[in-house]
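Participant: Build me a model:
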Amino acid sequence: MPRFLLQHRHEPHECGVAYAAWKGFTSPLRHAATLASCLEGGHEIWWEVEAGDHGAALALLPPFVARRTTVLPVSKVVIP
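Facilitator: Prediction:
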């Protein structure tokens, strides 16, 4: 299954909306820990997901979040 890094960005004044967008949205990402930089002032959130394709990866996110998200295909590598 392909792996993707979802890189979401929002403006500082959109933090509340970005988090509230998950309310009532069904996704395996909901209630799971991930990395975010909002508390440090960066206003980005990242998820590593497995999905069939780019569209399926974005479908894991609520629309407000998905519209502000870049989908990057990734793979695991061993650093020598």
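Participant: Name the spans of this protein whose pLDDT lies under the cut-off.
Facilitator: With pLDDT under 70 as the threshold, the chain has no low-confidence stretch at all.
Participant: Helices of that one, residue ranges please.
Facilitator: Taking DSSP state H, the helices of the chain run over residues 15-20, 54-58, 63-66.
Participant: Look up the closest residue to A51, ignoring the ones flanking it.
Facilitator: A57 (3.9 Å; Cβ to Cβ, 6 or more residues apart in numbering). Just so you know, the C-beta spots here come from the backbone N, C-alpha and C atoms, and that holds for glycine as well.
Participant: what about the residue nearest to M1 when sequence neighbours are not counted, how many neighbours?
Facilitator: Of all residues not flanking M1 in the chain, E50 sits nearest, at 4.4 Å (Cβ to Cβ, 6+ apart). Residues contacting E50 under the criterion other Cβ atoms under 10 Å number 12.
Participant: Could you do the one 5 residues further on as well?
Facilitator: Residues within reach of G55, counting by other Cβ under 10 Å, total 10.
Participant: Provide a list of residues in contact with it.
Facilitator: With Cβ atoms under 8 Å, 6 or more residues apart in numbering as the criterion, no residue contacts G55.
Participant: Repeat that for V65.
Facilitator: With Cβ under 8 Å, 6+ apart, V65 has these contacts: 8, 10, 18, 21-22, 45.
Participant: what's the nearest residue to E11 if we skip its chain neighbours?
Facilitator: Distance criterion Cβ to Cβ, 6+ apart; nearest residue to E11, sequence neighbours excluded, is H43 at 6.6 Å.
Participant: Appreciated, that's everything.
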